[in-house]
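K.L.:
Please work out how this folds:
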Amino acid sequence: MYSKRSLLLVFICLSILFSATILKAATANNVLLITAENNPNRVNDAKAKLLATGLITNIDTFDGTAGTPSLALLEDEYGAVLIYGVQAWKDATAMGNVLAQYVDEGGGVVTARFDTAVCCQLLGNFNSNDYWAIEPSAFSGTYKTLGTILEPGHPILNGVS
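P.N.:
Modelled structure (predicted):
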């Protein structure tokens, strides 16, 4: 009915597909946390809180102020990327380009913190082709105070300075 050669070919094809599925499943719970962060305690805190959910089995970190991860690294190792910055990326255009490619190839990217701010924004294709789930905007502000305290003796202000 079927030749041994045909069965062997089917077996090899199924093995390759099964292996690819296993490998993709193995990377699904691996997340890369890309940061442009000047405080390692905040990076470690974010990592610990994400791991504590039990939904992610592994989180690696990448310093976005030092470089840009390759598309091959993202595709081969990670099911998703969480990216946030509080300072400038080493190359905001390259970072935006590789993240857009990663999304195009089926990867998941979550942006957070100041990635939508002018100082720390991702550029390249991520920005120009509008991969944003939350649109970037400018922000500015001034130092806020309580203003004029009209009733300084009011109990609600106890301990407020």
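K.L.:
hey, where'd the strands end up in the chain?
P.N.:
For the chain, the strands defined by DSSP state E cover 30-36, 58-63, 80-85, 108-113.
K.L.:
Quick check: which ranges of this structure have low pLDDT?
P.N.:
Judged against pLDDT under 70, the low-scoring parts of the chain cover residues 1-28, 113-119, 137-144, 146.
K.L.:
so what's the residue positioned nearest the centre of it up against?
P.N.:
Centroid-nearest residue in the chain: residue 82, 1.4 Å away (criterion: Cα atoms, centre = their mean). Contacts for residue 82 (Cβ atoms under 8 Å, 6 or more residues apart in numbering) come out as 31-34, 46, 50, 110, 112. C-betas here are computed from N, CA, C, even on glycine.
K.L.:
run the last query once more with 10 Å
P.N.:
Contacts for residue 82 were tallied using Cβ atoms under 10 Å, 6 or more residues apart in numbering; they are 31-35, 46-47, 50, 56, 59, 61, 108-113.
K.L.:
Now, of these, which are buried?
P.N.:
Neighbour counting by 16 or more other Cβ atoms under 10 Å classes 31-35, 46-47, 56, 59, 61, 109, 111, 113 among the contacts of residue 82 as buried.
K.L.:
how about the strands of the chain, which one is nearest residue 159?
P.N.:
Nearest of these to residue 159, taken as Cβ to Cβ: strand 108-113 at 30.7 Å.
K.L.:
partners of the closest one in the sheet?
P.N.:
Strand 108-113 sits in its sheet next to strand 80-85 (parallel), going by DSSP bridges.
K.L.:
Can I get the strand it pairs with in PDB? Just the C-alpha atoms.
P.N.:
Output in PDB follows, covering the C-alpha atoms of strand 80-85 (Å, rounded to 0.1, in the frame of the first residue of the first chain):
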ATOM      1  CA  ALA A  80       7.100  37.900  24.000                       C
ATOM      2  CA  VAL A  81       9.000  41.000  24.700                       C
ATOM      3  CA  LEU A  82       8.300  43.600  27.400                       C
ATOM      4  CA  ILE A  83      10.000  46.900  26.700                       C
ATOM      5  CA  TYR A  84      10.300  50.000  28.800                       C
ATOM      6  CA  GLY A  85      12.600  52.800  29.200                       C
END
